[in-house]
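Asks: Attaching a predicted model along with its sequence, questions to come.
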Amino acid sequence: MSDIVRNWGYVGPETELGEMAITEGQYMAGFPVGIMTLDAWLPKPPGYTSQACSYDFPVRYLLVQGADQKRIHGGDDNLLPALIATAKQLERDGCRMISSTCGYFGNFQAEVADAVDVPVYLSAVCQVPWIRVGLKSNQKIGILCGDGPSLKYRLFESCGISREDFDRCVIYGAQDAPIFSTFIHKPGHYDVEGVKGELVSIAKKMVREHPDIGAFLLECTDMPPHASDIQRAVNLPVFDSVTMIKYVKSVVCQHPYYGYF
């Protein structure tokens, strides 16, 4: 068990603060969401999980030492100590839930969730069971990811997803899209509009080839800026990492209701 004392309250119009306490070693407050960050150098327009303007609440980012794309995508278990240390620090900083800036952090979902006492959702893939429940029994989930060859069942299993639900997922990767893949070769530069066109094109292809897709899930944390464009193109629900973080934040930060009766 953690030595962190929770004081999950809400300060509203009629709140009397009285005496307050804070956990030893907590030097900040007011960050409901903690996000473990990948070591990746690319522009971050609004909508990226790693862009604070994507949220209407404060988020606390913390870089995981040594967590580059190759090691995260490959599920390098040697990263676990750094991942757990980062998650514990975010918890100590007062964060009520923890996520990440790359869906492939999901390779470590089970271990990190076991290490802290706040909810952990490291990958948009965690939403698969929730999405599946809302679909017809003969419909599938279309997953558009950043690196198809690296999105293996190990990651789904770590996120608590059954083999049956995994088999209902249609997975397409954008790793071979000419513009999307340029950030690997040209760090610090990104053709955002070009990427949008590529992702919309892949989503349309997915629906053409798999008309039984009932909803889309964007694994890659760089894709949410284009979720609305994808939705207009395929006319289906689109889930992503930002929708997940916003939902969980609403659960761990319940506000009292005010109104007339």
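Replies: Yes, it's here. Numbering: from 1, shown residues only.

Asks: ok, now which ones touch Pro119?
Replies: Arg96, Met97, Ile98, Ala113, Val248, Val251, Val252 (Cβ atoms under 8 Å, 6 or more residues apart in numbering). Where C-beta positions appear, they are placed from N, C-alpha and C, glycine not excepted.

Asks: oh sorry, the question was meant for Met36
Replies: Contacts here follow Cβ under 8 Å, 6+ apart; on that basis Met36 touches 62, 64, 67, 83, 86-87, 90, 98-101, 105, 122.

Asks: element containing it?
Replies: Taking DSSP states H and E as the definition, one finds Met36 inside strand 33-37.

Asks: tell me the mean pLDDT for the helix or strand following that strand?
Replies: Past strand 33-37, heading to the C-terminal end, the next element that is a helix or strand (DSSP H and E) is strand 59-63. When pLDDT is averaged along strand 59-63, the result is 97.

Asks: Who wins on neighbours among the contacts of Pro119?
Replies: Neighbours here are counted as other Cβ atoms under 10 Å. On that basis the top member of those is Ile98, with 28 neighbours.

Asks: Quick check: it touching Val118?
Replies: Yes - using Cβ atoms under 8 Å, Ile98 is in contact with Val118, at 6.2 Å.

Asks: Pull up the overlap in contacts between the two.
Replies: Applying Cβ under 8 Å, 6+ apart, one finds that Ile98 and Val118 are jointly contacted by Glu91.

Asks: can you tell me the distance between the two ends of stretch 56-76?
Replies: For stretch 56-76, the first and last residues are 33 Å from each other (Cα to Cα, to the nearest Å).

Asks: tell me how far it is from the chain's mean position?
Replies: Offset of stretch 56-76 from its chain centre (Cα atoms, centre = their mean, to the nearest Å): 11 Å.

Asks: Same check on stretch 102-116?
Replies: For stretch 102-116, the separation from the chain centroid amounts to 11 Å (computed by Cα atoms, centre = their mean).

Asks: Longest helix in this structure, please.
Replies: helix 192-209 (DSSP state H).

Asks: Can you name every helix or strand that it contacts?
Replies: In terms of contacts (3 or more Cβ pairs under 8 Å, 6 or more residues apart in numbering; DSSP states H and E), helix 192-209 is packed against strand 140-145, strand 169-173, strand 213-218, helix 227-234.

Asks: So, low pLDDT: which residues of the stretch 1-150 of the chain?
Replies: Judged against pLDDT under 70, the low-scoring parts of the stretch 1-150 of the chain cover residues 1-5, 17.
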